[in-house]
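[1] I'll drop the sequence and a predicted model, then ask my questions.
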Amino acid sequence: PRAISLQARSLTLARYVPSNAFGDTDDLPAGSIKSPGLMLASGSASVSGVVTDASTGQPVANAQVGISDGTVGGTAQYATTASNGSYSFSGIASGTYNLEADRYTISGTQPFYKDAQQMQVSVNGSVTVNFKLTSIAVPASRTVPAGRAKNLIIVDYDETFYESWFADTQSMANNSPATHQLAKTGVVGSDEWTQYGWSPIDHYQIAVGSYPAWRTPDAPGKVWGQPDGLDTNIWYGGTEVFGQESIFDVAKSYGMSTAVIGGNDYPTGHITDANVDQISLGQNINGVPTKWVTEVENFITSHASNSNGFLVYMPVTEAEGSSIESTSPDSSGSLYQQASGWDDQALGQLYNWLQQNNYLSNTAMSITSDEAENDHTSYDNFYGAGSTGMGTTRHDPFVFAGPGIVSGQTYSPQMGIDDLSTNYMYELGLPAPI
């Protein structure tokens with residue numbers, strides 16, 4: 001991923017809300033989501049092996065191993081390695097499979113293990129597939145470098161065109177004071193693009209900075225709205241962890257407090273949500289989502305004693321929904337403008353609270369979006385194909401402000417949504433997910 005030049009009462013356990021309960025399901029054609037298969041096709045073949053540390057040769061216990069036929073709509077199975085690093089899948093049909101292995105669970109200072117894939121493995125009879133995984137240190141604490149942020153809050157405005165918020169004076173450009181207040185104190189990325197324009201997969205790429213190629217051969221359409229290979233069965237199923245390191249894994253490995261709090265459009269199930277201290281997601285409020293702001297404030301307050309800081313991901317999603325997405329972004333008083341205004345007011349409430357409680361000096365804030373309007377109406381790609389030709393439904397805002405970040409500037413080179421995790425971790429003085 002490309003790094004851009006920027007420098008000059010909470011729950012005790014995570015609660016996962018399945019992504020198939022909300023979000024972009026309203027944007028999909030009827031029949032797009034089918035019940036996922038529970039098992040691979042049965043047969044007499046088997047795959048087994050041992051997962052070891054690439055440096056020491058020692059067995060890696062409690063690693064996740066996944067196997068998939070790697071097709072759109074196909075299923076996968078998972079196993080956990082035993083104390084001797086062994087795993088097995090038995091009773092499967094002969095065929096060609098993709099496998100992956102990883103470990104991102106925290107147990108004291110035992111290391112993580114970076115995910116590895118073995119693609120297109122021919123399985124006929126009994127096959128051995130071993131993995132040698134690269135370890136990643138888990139320091140459990142951090143020292144914040146000078147000029148970097150202790151804390152990070154990522155605000156994800158769903159269904160948000162860059163043009164609407166920063167160029168279209170008939171839309172939100174003159175009607176989003178909190179967003180523009182934050183933008184004046186930091187950098188605005190004017191050419192950030194999602195790869196797909198669908199929230200589950202683009203959310204995943206914000207958090208991970210990568211893509212689980214072993215699991216499915218998704219392919220985005222050249223222009224948003226054209227047929228694509230998005231595997232709705234897995235991205236909306238919410239039942240599988242794809243085995244790639246996320247910003248939450250990195251933050252937690254350095255002792256930070258982590259949370260996902262807000263609206264109805266974040267598929268946490270596909271990343272290792274064991275490293276998210278609190279997950280509180282809910283249906284849209286149809287008004288200013290003050291409740292979500294209060295939950296974020298409560299989380300920050302309850303974790304204020306953590307010297308390692310906090311990472312909060314806040315999906316603010318009042319503009320999600322078929323009725324809202326069926327209105328023009330530059331129609332005065334439209335549902336789109338009303339809902340977007342509620343999102344902006346929520347940001348303003350949170351910003352003011354952070355300022356009043358002396359958090360702004362050590363906290364970075366970012367605004368982004370996983371997609372713009374994408375409900376298969378005349379308002380998709382509302383601002384044309386854009387500079388990339390991919391369609392402006394994929395053209396999203398990016399604002400980043402905080403300690404050491406230059407203020408009042410526009411970053412014009414093209415960047416992707418998969419670049420964000422690198423920049424977020426850099427601002428915290430931490431390594432990017434790998």
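    Perfect, thanks for sending it. Numbers count the residues shown, from 1 in each chain.
[2] Show the pLDDT at the residue nearest to M365 when sequence neighbours are not counted.
    Closest residue to M365 apart from its sequence neighbours, by Cβ to Cβ, 6 or more residues apart in numbering: I153 at 5.0 Å. (Each C-beta comes from the backbone N, C-alpha and C, glycine too.) Looking at I153, its pLDDT is 98.
[3] same for whatever helix or strand I153 lives in, what does it pack against?
    Following DSSP states H and E, one finds I153 within strand 151-157. On a contact count with 3 or more Cβ pairs under 8 Å, 6 or more residues apart in numbering; DSSP states H and E, strand 151-157 meets helix 199-208, strand 310-316, helix 335-356, strand 363-368, helix 420-428.
[4] hmm, try it at 7 Å
    Applying 3 or more Cβ pairs under 7 Å, 6 or more residues apart in numbering; DSSP states H and E, we find strand 151-157 packed against strand 310-316, strand 363-368, helix 420-428.
[5] Same list (those) but as CSV, adding mean pLDDT and mean neighbour count.
    CSV is the format used below for these (pLDDT from 0 to 100; neighbours: other Cβ atoms under 10 Å):
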stretch, mean pLDDT, mean neighbour count
strand 310-316, 96, 26
strand 363-368, 98, 24
helix 420-428, 97, 23
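[6] Need these in TSV (columns: distance to P59).
    Shown next, in TSV, are those (distance: least, Cβ to Cβ, whole Å):
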stretch	distance to P59
strand 310-316	32
strand 363-368	39
helix 420-428	30
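[7] what pairs with the residue nearest to M365 across the strands?
    V312, M365 (DSSP bridges).
[8] Could you do S90 as well?
    Beta-bridge pairing for S90 (DSSP bridges): S46.
[9] That one is in contact with S44, isn't it?
    No. Shown here, S90 and S44 do not form a contact pair, counting by Cβ atoms under 7 Å, at 8.9 Å.
[10] show me the contacts for F89.
    46-47, 67, 77, 79 (Cβ atoms under 7 Å, 6 or more residues apart in numbering).
[11] what does D168 give?
    Listed by Cβ under 7 Å, 6+ apart, the contact set of D168 reads 329-330.
[12] now with 10 Å?
    Neighbouring residues of D168 by Cβ atoms under 10 Å, 6 or more residues apart in numbering: 161-162, 174-175, 329-330, 382-383.
[13] try T128
    Taking Cβ under 10 Å, 6+ apart, we find T128 in contact with 46-50, 88.
[14] what do you get for Q195?
    Per Cβ under 10 Å, 6+ apart, neighbours of Q195: 201-202, 205, 211, 218, 220, 390, 394, 416-418.
[15] Try it again at 7 Å.
    Contacts for Q195 (Cβ under 7 Å, 6+ apart) come out as 202, 205, 220, 416-418.
[16] cool, Y313 as well?
    Each residue near Y313 by Cβ under 7 Å, 6+ apart is listed here: 154, 260.
[17] just Q117 next, same as before
    98-100, 213-214 are the contacts of Q117 under Cβ under 7 Å, 6+ apart.
[18] Need those residues in JSON lines (columns: distance to K114 and neighbour count).
    As requested, these are exported to JSON lines (distance: Cβ to Cβ, whole Å; neighbours: other Cβ atoms under 10 Å):
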{"residue": "N98", "distance to K114": "17", "neighbour count": "23"}
{"residue": "L99", "distance to K114": "15", "neighbour count": "25"}
{"residue": "E100", "distance to K114": "11", "neighbour count": "24"}
{"residue": "A213", "distance to K114": "15", "neighbour count": "14"}
{"residue": "W214", "distance to K114": "14", "neighbour count": "24"}
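[19] Is it possible to get those residues out as TSV so that each row also shows pLDDT and secondary structure?
    Output for the contacts of Q117, formatted as TSV (pLDDT from 0 to 100; DSSP: H, G, I helix; E, B strand; the rest coil):
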residue	pLDDT	secondary structure
N98	98	strand
L99	98	strand
E100	98	strand
A213	93	coil
W214	95	coil
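[20] what's around the residue nearest to M365, how many residues?
    Residue crowding around I153 was assessed by other Cβ atoms under 10 Å; the count is 25.
[21] from the contacts of Q117, which is closest to D27?
    In terms of Cβ to Cβ, no member of those lies closer to D27 than A213, at 24.3 Å.
[22] Quick check: closest non-adjacent residue to that closest one.
    Q117 is the one closest to A213 (Cβ to Cβ, 6+ apart), at 7.0 Å.
[23] My understanding was that G402 contacts Y426; is that so?
    No. With contacts counted by Cβ under 7 Å, G402 stays clear of Y426, the gap being 11.1 Å.
[24] Please report how far G31 lies from N233.
    Separation of G31 from N233 (Cβ to Cβ, to the nearest Å) stands at 11 Å.
[25] Compare the two (neighbour count), which wins?
    Taking neighbours as other Cβ under 10 Å, G31 and N233 compare with N233 leading, 19 against 7.
[26] pretty sure the more buried one is in a helix, no?
    Yes. Using DSSP: H, G, I helix; E, B strand; the rest coil, the secondary structure at N233 is a helix.
[27] and V293, helix, strand or coil?
    Going by three-state DSSP: V293 is helix.
[28] how much space is there between it and I153?
    V293 sits at a distance of 11 Å from I153 (criterion: Cβ to Cβ).
[29] ok, now G237?
    G237 is 29 Å from I153, by Cβ to Cβ.
[30] count of neighbours near the spatially closest residue to V138 that is not a sequence neighbour?
    Of all residues not flanking V138 in the chain, S253 sits nearest, at 4.4 Å (Cβ to Cβ, 6+ apart). By the criterion of other Cβ under 10 Å, S253 has 24 neighbours.
[31] cool, S126 as well?
    12.
[32] same check, this time on T143
    10.
[33] quick one: pLDDT of it?
    pLDDT for T143: 97.
[34] Is it in a helix, a strand, or coil?
    coil.
[35] How about it: what's its closest non-neighbour residue?
    The shortest distance from T143 to any non-neighbouring residue, by Cβ to Cβ, 6+ apart, is to G429 (7.9 Å).
[36] check contacts around the one you found.
    G429 touches 144-145, 148, counting by Cβ under 7 Å, 6+ apart.
[37] what does I153 give?
    Contacts of I153 (Cβ under 7 Å, 6+ apart): 312, 314, 363, 365.
[38] I'd like these laid out as TSV, including distance to I279.
    Shown next, in TSV, are the contacts of I153 (distance: Cβ to Cβ, whole Å):
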residue	distance to I279
V312	11
M314	12
T363	21
M365	20
